[in-house]
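**Student:** Got a predicted model here, sequence first, then my questions.
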2 protein chains.
Amino acid sequence: MKARVYVSFKSTILDPQGQTIRSALAGLGYKSIAAVRQGKFFEIAIDSGTTREQAQKDMDAIARDVLTNPVIEEYRIEFLD
Amino acid sequence: MKARVYVSFKSTILDPQGQTIRSALAGLGYKSIAAVRQGKFFEIAIDSGTTREQAQKDMDAIARDVLTNPVIEEYRIEFLD
């Protein structure tokens, strides 16, 4: 089983890195780009012996406690197969 | 229109950051995690006046030339709405 955890800044948090990419793209001639926000993701392979419920519980705890800074970031979990 | 560009290491490239997260998780008691690989993504808002074909062309060029290091990274583009 595989899961992906996507971590991004909350929408109320400024993303200077994304803004920099946006102005760089404008400078390169891509004028139709309105905004860029950057995030990170984690592709996590889970042992096949694990039940879906256990995996879901683990992923939730991992995303919340380890991969995300809850003050400024939010996460989204997606299971593959 | 919105697009997401996901950038990750090619599968042949070692990901030490992911390996570190994996061993940290094992140390925290999450024994069922087989592997972790980290990547980044860019959420790109495109002006509504842009056609889908133009957006697709632009995103492809931006992902290839700006957001990805083609020697060690690969990308995947996803359009929302």
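**Tutor:** Looks like it arrived, so ask away.
**Student:** Return the residues of chain A in contact with chain B.
**Tutor:** Chain A has residues A:6, A:8, A:18, A:21, A:24-25, A:28, A:30, A:32-47, A:49-50, A:54-55, A:58, A:62, A:66-67 near chain B, with proximity defined as Cβ under 8 Å from any Cβ of the partner chain. Bear in mind the C-beta positions are built from the backbone N, C-alpha and C, glycine included.
**Student:** out of these, which are buried?
**Tutor:** Buried members of the residues of chain A next to chain B, scored by 16 or more other Cβ atoms under 10 Å in any protein chain shown, are A:6, A:8, A:18, A:21, A:25, A:30, A:32-33, A:36-46, A:50, A:55, A:58, A:62, A:67.
**Student:** What's the mean pLDDT across the longest strand along chain A?
**Tutor:** Secondary structure of chain A read by DSSP state E shows that its longest strand is strand A:33-46. The average pLDDT within strand A:33-46 is 96.
**Student:** so what does whatever helix or strand comes next after it touch, helix or strand wise?
**Tutor:** Remark: after strand A:33-46, the chain's next helix or strand is helix A:52-62, criterion DSSP states H and E. Counting contacts by 3 or more Cβ pairs under 8 Å, 6 or more residues apart in numbering or on different chains; DSSP states H and E, helix A:52-62 is packed against strand A:2-9, strand A:33-46, strand A:73-80.
**Student:** what angle do the second one and strand B:33-46 make?
**Tutor:** Our comparison of strand A:33-46 with strand B:33-46, counting by axes from the mean of the first three to the mean of the last three Cα atoms, to 10 degrees, yields an angle of 170 degrees.
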